[in-house]
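I need the structure of the sequence given here:
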Amino acid sequence: MNKAILHCSVGILSRREHSYEELMQKLKLRQHSEDEITPVLEFLIEKNYLSDQRFAECLFGSRLNKGYGWLYISNELEQKGVCDTIIVELSKNQQIDWYLQAELAYNKRFGESTIKDQKDKVKRIRFMQSRGFSSDEIMILIKYTHSD
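Coordinates of the predicted model:
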């Protein structure tokens, strides 16, 4: 096992959690070959330094606290190489009211201001979509938070 890759990996993981795929990419950028990286990552998994499950939970909590919806979070997890099984499991284990999360994100961004016109309404809908909330969550929110 390449000790330089191991020390580099531990250093990267000491700053924040990473997925297997994310760590593999970072090490490849440092000019290490995949054949050298793989045994190191397997060792880190065995010693529980590297865990896609733990990474997914950390990322989920972080994005939830920043006001993102499930669509955004699950997409980011996929992009970072987390397997579908972990994403589905994470979804099932969370007791989150996504309508409430959408309302909190909406109110943080727009406060108590009312929708002025169609252009303003579209702007608000696009913002909520970019935050990863479903059309259903957004439309209910728009309908009930600013009905005159």
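
okay, the lowest-mean-pLDDT helix or strand in the chain in CSV with CA atoms only?
Least confident helix or strand, the chain: helix 135-145 with a mean of 89, by mean pLDDT, DSSP states H and E. Output of helix 135-145 as CSV, limited to C-alpha atoms (Å, rounded to 0.1, in the frame of the first residue of the first chain):
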residue,chain,number,x,y,z
SER,A,135,-43.5,21.5,-8.2
ASP,A,136,-46.2,20.4,-5.8
GLU,A,137,-44.4,21.9,-2.8
ILE,A,138,-43.8,25.1,-4.6
MET,A,139,-47.3,25.6,-6.0
ILE,A,140,-48.9,24.9,-2.7
LEU,A,141,-46.5,27.4,-1.1
ILE,A,142,-47.2,30.1,-3.7
LYS,A,143,-50.9,29.5,-3.5
TYR,A,144,-51.2,29.7,0.3
THR,A,145,-48.6,32.1,1.4
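
I'd like the average pLDDT over stretch 39-50.
Taken as a whole, stretch 39-50 carries a mean pLDDT of 97.

nope, stretch 92-106 is what I was after
Stretch 92-106 comes out at a mean pLDDT of 93.

what does the average pLDDT come to for stretch 74-89?
For stretch 74-89, mean pLDDT rounds to 96.

quick one, what contacts residue 35?
Residues near residue 35 by C-beta atoms under 8 Å, 6 or more residues apart in numbering: none. C-beta here means a position set from N, CA and C on the backbone, and glycine is covered the same way.

same thing but 10 Å
Residue 35 sits next to residue 2 when contact means C-beta atoms under 10 Å, 6 or more residues apart in numbering.

State the pLDDT value of it.
For residue 35, pLDDT reads 94.

sorry, back to before: which other residues reach the least confident helix or strand of the chain?
Residues contacting helix 135-145 (C-beta under 10 Å, 6+ apart): 69-71, 98-103, 105-107, 110, 112, 114-115, 121, 124-129, 131, 133-134.

quick one: buried residues of that helix?
Within helix 135-145, the residues that count as buried by 16 or more other C-beta atoms under 10 Å are 137-138, 141-142, 145.

what would those residues look like in TSV with distance to residue 82?
Putting these into TSV (distance: C-beta to C-beta, whole Å) gives the following:
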residue	distance to residue 82
137	23
138	25
141	28
142	31
145	33
